[in-house]
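Enquirer: this one's sequence-less:
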Ligand code: GLN
């Protein structure tokens with residue numbers, strides 16, 4: 001007889017194994033096997049089971065032998081199948097952690113990435129004398145809401161061209177009791193000139209046809225939030241001059257970009273007359289954020 005670890009997904013679902021397999025440990029084992037083609041199969045399985053059971057990961061670890069109800073097993077199996085076909089974990093759970101916040105997300109919003117927390121950190125380090133900060137292309141509101149959670153006395157404005165994304169961001173603001181003001185417009189086009197001390201953005205920066213777009217889950221995310229034209233730089237060509245009109249003299253522009261786009265972004269910034277242009281690496285030591293000052 002085959003050992004447990006060698007059973008296929010379908011064999012493991014067969015009747016004889018059913019009672020053991022509706023235990024927490026059994027469910028996790030076969031989900032992990034079904035998701036073996038993904039990088040974090042065990043973690044994904046655990047996070048989907050916390051969602052299906054409405055329990056914590058510690059609870060799952062405490063009660064491996066406990067059986068769960070059939071409807072929970074059914075929901076879990078469906079979630080595992082969707083994850084196996086590439087749907088991001090964040091969309092299946094409907095939420096994702098960013099900074100110190102748990103944010104609602106859906107397929108109209110990018111899943112917030114850990115490297116974007118670096119952009120938040122850098123913005124905070126430039127914010128001491130700022131009173132108005134604008135986040136462009138806010139998506140689910142991640143950057144603006146993280147900044148607002150740390151800067152209670154500042155005015156935070158967040159724009160996005162997508163009404164669906166703004167609906168998610170507004171729900172997040174409501175849940176967090178945050179007073180970020182949301183404006184539906186293309187980058188800064190809906191805002192008046194010289195109105196801000198800081199402009200920050202994680203715009204779409206992947207080039208059309210880049211292989212990254214077929215990476216795990218990325219195909220399910222909104223192209224509007226990911227793809228920045230043939231060289232990935234279209235958004236910077238719009239944001240950099242617009243921000244120069246919107247920023248007060250001495251104000252800061254902070255831009256996330258691709259690891260190989262720093263030189264191009266710096267050139268666009270210096271061409272538009274910005275000063276103090278500095279690129280910072282992220283935790284993986286990849287060039288990720290460029291900051292510049294409007295003179
Ligand atoms: N960092 C994202 C990714 O790697 C891209 C985000 C963006 O285009 N702004 O998928």
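Expert: Ah, there it is. Here the structure is a predicted model, which means the values were calculated and not measured.
Enquirer: does the residue in the stretch 1-150 of the chain positioned nearest to the ligand count as helix, strand or coil?
Expert: The stretch 1-150 of the chain approaches the ligand most closely through residue 113 (4.8 Å), counting by Cβ to the nearest ligand atom. Just so you know, the C-beta spots here come from the backbone N, C-alpha and C atoms, and that holds for glycine as well. Assigned with DSSP: H, G, I helix; E, B strand; the rest coil, residue 113 falls in the coil class.
Enquirer: which helix or strand contains the closest residue to residue 108 other than its chain neighbours?
Expert: Using Cβ to Cβ, 6 or more residues apart in numbering and skipping residues adjacent in sequence, the residue nearest residue 108 is residue 164, 3.7 Å away. If you go by DSSP states H and E, residue 164 is part of helix 163-175.
Enquirer: just checking that helix against the ligand, any contact.
Expert: No: using Cβ under 6 Å from any ligand atom, helix 163-175 stays clear of the ligand, coming no nearer than 12.9 Å.
Enquirer: and the next helix or strand past that helix?
Expert: Using DSSP H and E, the first helix or strand after helix 163-175 is strand 181-184.
Enquirer: okay, buried residues for that next one please.
Expert: Across strand 181-184, burial judged by 16 or more other Cβ atoms under 10 Å covers residue 182.
Enquirer: show me what it is packed against.
Expert: Judged by 3 or more Cβ pairs under 8 Å, 6 or more residues apart in numbering; DSSP states H and E, strand 181-184 is in contact with strand 155-160, helix 163-175.
Enquirer: and the stretch 1-150 of the chain, which of its residues are near the ligand?
Expert: Within the stretch 1-150 of the chain, the positions adjacent to the ligand are residue 113 by Cβ under 6 Å from any ligand atom.
Enquirer: which one is residue 295 nearest to, not counting chain neighbours?
Expert: Nearest one to residue 295, counting by Cβ to Cβ, 6+ apart, is residue 275 at 4.8 Å.
Enquirer: wait, the one you found sits on residue 253?
Expert: No: in this structure, residue 275 is not within contact of residue 253 by Cβ atoms under 8 Å, at 10.9 Å.
Enquirer: in terms of neighbours, single out the busier of these two.
Expert: residue 253 (28 against 11; other Cβ atoms under 10 Å).
Enquirer: can you list residues touching both of residue 275 and residue 253?
Expert: Residues touching both residue 275 and residue 253 (Cβ atoms under 8 Å, 6 or more residues apart in numbering) are 292-293.
Enquirer: contacts made by stretch 51-64 with the rest, please.
Expert: 23-25, 28, 46-47, 49-50, 68, 72, 75-76, 79, 92-93.
Enquirer: could you identify which of those residues has the most neighbours?
Expert: residue 49 leads those on contacts (other Cβ under 10 Å) with 24 neighbours.
Enquirer: what helix or strand does that residue sit in?
Expert: Using DSSP H and E, residue 49 falls in helix 41-53.
Enquirer: following element in sequence after that helix, please.
Expert: helix 57-62.
Enquirer: and that next one, how far out from the chain's middle?
Expert: Computed by Cα atoms, centre = their mean, to the nearest Å, the separation of helix 57-62 from the middle of its chain amounts to 26 Å.
Enquirer: what do you get for stretch 35-44?
Expert: Distance, centroid of stretch 35-44 to centroid of chain: 19 Å (Cα atoms, centre = their mean).
Enquirer: and it, what's buried?
Expert: 35, 38, 41, 44.
Enquirer: contacts only, for the third one.
Expert: Listed by Cβ under 8 Å, 6+ apart, the contact partners of residue 41 are 31-33, 35.
Enquirer: what's the spacing between it and residue 77?
Expert: Residue 41 sits 15 Å away from residue 77, going by Cβ to Cβ, to the nearest Å.
Enquirer: what are the ranges of the helices in this structure?
Expert: 9-13, 18-21, 24-34, 41-53, 57-62, 70-84, 89-93, 116-125, 142-150, 163-175, 223-226, 234-246, 262-271 (DSSP state H).
Enquirer: in a markdown table, list those along with mean pLDDT.
Expert: Formatted as a markdown table, the helices of the chain follow (pLDDT from 0 to 100):
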| stretch | mean pLDDT |
| --- | --- |
| helix 9-13 | 51 |
| helix 18-21 | 60 |
| helix 24-34 | 97 |
| helix 41-53 | 97 |
| helix 57-62 | 97 |
| helix 70-84 | 97 |
| helix 89-93 | 97 |
| helix 116-125 | 98 |
| helix 142-150 | 98 |
| helix 163-175 | 98 |
| helix 223-226 | 96 |
| helix 234-246 | 97 |
| helix 262-271 | 98 |
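Enquirer: mean neighbour count, these: which tops it?
Expert: Stretch with highest mean neighbour count among those: helix 142-150 (a mean of 25; mean count of other Cβ atoms under 10 Å).
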